[in-house]
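In: mind folding the following:
(2 chains)
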There are 2 protein chains.
Amino acid sequence: MNHSPLPTTLPETERTRHRRLREQGSLDRGVLDAVLKAGFICHLGVVLDGHPMVVPTVYGSDGRNLYFHGSVASRSLATSPDTTVCITVTHVDGLVLARSVFEHGVNYRSAMVYGTPRLVTDAEEKLAGLRCLTEQSAPGQWDYARRPNRKELAATALLALPLDEASVKISTGGPDDGDGPDARLGLWAGVLPISAAFGDVEPDPALEDGIEVPAHIAVRAGTGLG
Amino acid sequence: MNHSPLPTTLPETERTRHRRLREQGSLDRGVLDAVLKAGFICHLGVVLDGHPMVVPTVYGSDGRNLYFHGSVASRSLATSPDTTVCITVTHVDGLVLARSVFEHGVNYRSAMVYGTPRLVTDAEEKLAGLRCLTEQSAPGQWDYARRPNRKELAATALLALPLDEASVKISTGGPDDGDGPDARLGLWAGVLPISAAFGDVEPDPALEDGIEVPAHIAVRAGTGLG
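Out: So this is what the prediction gives:
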């Protein structure tokens, strides 16, 4: 693992150059980190027999690598090592309801990361990567739950995609047809915000009496994600 | 547009065969329709210069075709006609917090549709497809807002992906380590549900006084999505 400081700006490449006006494109590493930290589900795109395949899977990001694992996407992962993937993380923040259908849109934050994933074979990095992946969706569980044993570790393929080529697009704000001819139509326009949240915990019916919900899980009920 | 009845079961192909045990795979068309109806954002996977690219975009589904359009994904769409795409729609329903890190998981519903999108050129189908796409995220807006004019229609590339090759995966329920040796660890286990919802409407600051939120929008505030 390389621990030298990362440049704060990502390189602009043919794939990460921003072309459109409506969204705000960013190559700022802090913006990328914020979008990646706000979620734990990505869409992994691979090429399989020449055709694209897009699989949802969990990930963890430590700012240098995006870690993802193999048990949920065995076919796509079998083709991933040494081939390019695109991993996209999207948070949907709202519907932009304009005066005209044409100006309707969606507010969102989305990160796209390109690269060649590396199979993590170093035992120490594998544990650190699995910890990162686990803690991203379930903070506190790495220390609370039983950690992977040797057999489980052997059954898990962990991949690391370096955060070297990536771009972020963020779309915010309201409809922009408020100062054109459509503004005189007398129609309502605005934003219908969208957010995701955790509900109340649902204990496993198989739990024995007297096992309380640990604080690190209980505090998340009712809180937002994204 | 073909209006003959569709078979209720989707064909099993090399790409849509279900291989894993944890999730419930389905080739039932009703299940596919339900997953597609529950959202309006998909992840479109294309191959660009031999590499995968995954772009979030809005879609509409009428049960026969998945419609998506061009202004948000011009580069990927330029390569889409006559090449295969994979469109994935995912709803995240909860975190499965098990007694062991290895058994942690996510409850979700996900549809993957494969095929070659068709550029919609017929004027009648283009309007119907744009209506489908608009109504999927913003029901009522096609009749309320100003519809696309000739110039806007010409500037919009609408693509139709037939729902001929698709599969659905649904993962539900709690952790399944409640009857193994880990059950004796005395650890809490269960599900932390996740849901998305609309918030309160945010009127465009440019709105003139006296323009009320129409009922079809007002009723959505506070309601769930997905």
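In: quick one: low-confidence ranges for chain A?
Out: Low-confidence segments of chain A, defined by pLDDT under 70: A:1-3, A:18-23, A:70-82.
In: ok, longest strand in it?
Out: Ranked by number of residues, the top strand in chain A under DSSP state E is strand A:85-97.
In: okay, now the sheet partners of the following helix or strand past it, with direction.
Out: Remark: after strand A:85-97, the chain's next helix or strand is strand A:105-115, criterion DSSP states H and E. For strand A:105-115, sheet partners with direction are given as strand A:85-97 (antiparallel), strand A:165-171 (antiparallel), following DSSP bridges.
In: I'd like to know which elements whichever helix or strand comes after the last one is packed against.
Out: Where DSSP H and E defines the elements, the next helix or strand beyond strand A:165-171 is strand A:190-198. Identification of packing neighbours for strand A:190-198 by 3 or more Cβ pairs under 8 Å, 6 or more residues apart in numbering or on different chains; DSSP states H and E yields strand A:85-97, strand A:224-225, strand B:190-198, strand B:202-203. (Each C-beta comes from the backbone N, C-alpha and C, glycine too.)
In: tell me the most buried of those strands?
Out: Using mean count of other Cβ atoms under 10 Å in any protein chain shown, the stretch among the helices and strands packed on strand A:190-198 with the greatest mean number of neighbours is strand A:85-97 (a mean of 24).
In: next one: that strand to chain centre, how far?
Out: Distance of strand A:85-97 from its chain centroid, counting by Cα atoms, centre = their mean, to the nearest Å, is 9 Å.
In: want to throw the helices and strands packed on strand A:190-198 into a markdown table with distance to residue B:179?
Out: Putting the helices and strands packed on strand A:190-198 into a markdown table (distance: least, Cβ to Cβ, whole Å) gives the following:
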| stretch | distance to residue B:179 |
| --- | --- |
| strand A:85-97 | 35 |
| strand A:224-225 | 30 |
| strand B:190-198 | 15 |
| strand B:202-203 | 49 |
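In: those strands: which one's closest to residue A:115?
Out: Smallest distance to residue A:115 across those (Cβ to Cβ): 6.9 Å, for strand A:85-97.
In: extract the CA atoms of the closest one and return them as PDB.
Out: Extracted as PDB, the C-alpha positions of strand A:85-97 are listed here (Å, rounded to 0.1, in the frame of the first residue of the first chain):
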ATOM      1  CA  VAL A  85     -14.200  -1.700 -15.200                       C
ATOM      2  CA  CYS A  86     -16.300   1.400 -14.600                       C
ATOM      3  CA  ILE A  87     -17.800   1.700 -11.200                       C
ATOM      4  CA  THR A  88     -20.600   4.300 -10.700                       C
ATOM      5  CA  VAL A  89     -22.000   5.500  -7.400                       C
ATOM      6  CA  THR A  90     -25.200   7.600  -7.600                       C
ATOM      7  CA  HIS A  91     -27.200   9.400  -5.000                       C
ATOM      8  CA  VAL A  92     -30.600  10.800  -6.200                       C
ATOM      9  CA  ASP A  93     -31.500  14.000  -4.400                       C
ATOM     10  CA  GLY A  94     -34.700  15.200  -6.100                       C
ATOM     11  CA  LEU A  95     -36.900  15.700  -9.000                       C
ATOM     12  CA  VAL A  96     -36.700  19.000 -10.800                       C
ATOM     13  CA  LEU A  97     -40.300  19.800 -12.000                       C
END
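In: any idea of the angle that strand forms with strand B:190-198?
Out: Per axes from the mean of the first three to the mean of the last three Cα atoms, to 10 degrees, the angle that strand A:85-97 makes with strand B:190-198 is 50 degrees.
In: dump the residue contacts of the residue lying closest to residue A:158 once chain neighbours are set aside.
Out: In space, residue A:158 comes closest to residue A:120 once its chain neighbours are excluded; the distance is 4.3 Å by Cβ to Cβ, 6 or more residues apart in numbering or on different chains. Applying Cβ atoms under 8 Å, 6 or more residues apart in numbering or on different chains, one finds that residue A:120 lies in contact with A:67, A:126, A:129, A:158-160.
In: so does stretch A:36-43 get close to chain B?
Out: Yes - Stretch A:36-43 reaches chain B (Cβ under 8 Å from any Cβ of the partner chain) through A:41, A:43.
In: spatially, which two of the contacts of residue A:120 are the most separated?
Out: A:126 and A:159 (10.5 Å).
In: now residue A:195: closest residue in space, sequence neighbours ignored.
Out: Closest residue to residue A:195 in three dimensions, ignoring its sequence neighbours and counting by Cβ to Cβ, 6+ apart: residue A:224, at 5.5 Å.
In: what sits against the one you found?
Out: By Cβ under 8 Å, 6+ apart, residue A:224 lies in contact with A:195-198.
In: from these, which two are the most distant?
Out: Farthest pair in those, by Cβ to Cβ: A:195 and A:198, 11.3 Å.
In: and the gap between the closest residue in space to residue A:85 that isn't next to it in sequence and residue B:197?
Out: Distances taken as Cβ to Cβ, 6+ apart put residue A:46 closest to residue A:85, at 5.3 Å, once the chain neighbours are dropped. Taking Cβ to Cβ, to the nearest Å as the measure, residue A:46 and residue B:197 are separated by 32 Å.
In: who's sitting farthest from the centroid in chain A?
Out: Among the C-alpha atoms of chain A, the one farthest from their average position, using Cα atoms, centre = their mean, is that of residue A:184, at 40.4 Å.
In: distance of it relative to chain B?
Out: Here the criterion is Cβ to the nearest Cβ, to the nearest Å. By it, residue A:184 lies 9 Å from chain B.
In: tell me which residues form a beta bridge with residue A:88?
Out: For residue A:88, the beta-bridge assignment (DSSP bridges) gives partners residue A:43, residue A:112.
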